[in-house]
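**Student:** what follows is a predicted protein model with its sequence.
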Amino acid sequence: GALRYHCTTPHRLGEVLRIRTISRLGVDVRVGIGPSITVAATASAQVPPPGGVLTVTPDQVTDWLAQLPVEALHGLGPRQAAVLRDYGIHSVGLLAAVPPTTVQRLLGGRAGRLATDRARGIDPRPVVPRALPASAAVRCSFDQHALEGAAVRAALLDLVVRLGVRLRRRGQAARALTLTLKFAGGPLWEKT
């Protein structure tokens, strides 16, 4: 959805993300882009410091992963990599070529299946965006009694504008919006 929204390529979107992070937060980041979580995470770890963008297209996955050392594969721990190296499996390409049953015997059932699948670029986990915030709220308190309807309407309009600006700045939407006016003396008006 982000590619259609910004009318751009994944690599260009990664560059925009990196530049905005540098300009707004003063922090450089390493961005990995790939067809699965594993490939993208492995790619981001391969970007040299201080930062940059590395894109691995679906047709490049097998060849790109094959050249990496076994320790570079995302999700494979140092102990698992050491076990594989002891058996002569030094690269991700060799790991992908070994029968899954052999890797399962070396690393254990589930870990062996995961390592074999990830070495082949297979990762069924979907990329799920974060859920929308449950709500967004703004408040306005009157220090004195407000008898004029114009002042109350102006405060209400200001709340709506502040809420809109806050959500736009974050680039978010919310499932519920709450506007609260607190009048002098305790009465409260709240609308969700």
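**Tutor:** Noted; the coordinates are in hand.

**Student:** helix/strand/coil for Leu179?
**Tutor:** strand (DSSP: H, G, I helix; E, B strand; the rest coil).

**Student:** so what's it up against?
**Tutor:** Counting by CB atoms under 8 Å, 6 or more residues apart in numbering, Leu179 makes contact with Ala137, Val138, Leu156, Leu159, Val160, Leu163, Glu190, Lys191, Thr192. Where C-beta positions appear, they are placed from N, C-alpha and C, glycine not excepted.

**Student:** 6 Å - rerun?
**Tutor:** Leu159, Lys191 (CB atoms under 6 Å, 6 or more residues apart in numbering).

**Student:** again with Glu71
**Tutor:** Per CB under 6 Å, 6+ apart, neighbours of Glu71: Ala81.

**Student:** show me the shaky parts of this structure.
**Tutor:** 1, 127-135, 142, 146-148 (pLDDT under 70).

**Student:** longest helix anywhere in it?
**Tutor:** helix 149-170 (DSSP state H).

**Student:** buried residues of that helix, list them for me.
**Tutor:** For helix 149-170, the neighbour count (16 or more other CB atoms under 10 Å) marks Val152, Leu159, Leu163 as buried.

**Student:** could you do stretch 168-185 as well?
**Tutor:** Buried residues in stretch 168-185, counted by 16+ other CB under 10 Å: Ala174, Leu177, Leu179, Leu181, Phe183.
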